[in-house]
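Asker: structural data only, the sequence is not supplied:
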């Protein structure tokens, strides 16, 4: 969590906050493939070698520990989302 800071708040235009990120359908693709957007000066690199389980664990960490959403993303939801972004 170094880029987005320990609490997920980000660093202004360098690394956007992930505290209010609510698109869990797209989050697996962002983690796996990265993103380059005009909202950030720095490109977010992807992690293509992460397993589906590791991606799922990150989603649950962001949702539950950082955002306090209390939603547990199931592995089949993550796999389904990852299949759509290939």
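Answerer: Received it, and whenever you're ready, just let me know what you need. Remember, it's a predicted structure, so these values are computed and weren't measured experimentally.
Asker: I figured residue 75 hits residue 53, correct?
Answerer: Yes: under the criterion of Cβ atoms under 8 Å, residue 75 is in contact with residue 53, at a separation of 6.4 Å. In short, each C-beta sits where N, CA and C put it, glycine included.
Asker: between those two, which one's more packed in?
Answerer: When neighbours are counted by other Cβ atoms under 10 Å, residue 75 comes out ahead of the other of residue 75 and residue 53, with 14 against 11.
Asker: for the more buried one, what are its contacts?
Answerer: Contact analysis of residue 75 by Cβ atoms under 8 Å, 6 or more residues apart in numbering lists 52, 53, 56.
Asker: and the pLDDT for it?
Answerer: What the model reports for residue 75 is a pLDDT of 96.
Asker: next one: residue 83
Answerer: Residue 83 is assigned 93 on the pLDDT scale.
Asker: measure it to residue 62 for me?
Answerer: When distance is defined by Cβ to Cβ, to the nearest Å, residue 83 is 21 Å away from residue 62.
Asker: for residue 56, same thing?
Answerer: When distances are taken as Cβ to Cβ, residue 56 and residue 62 turn out to be 11 Å apart.
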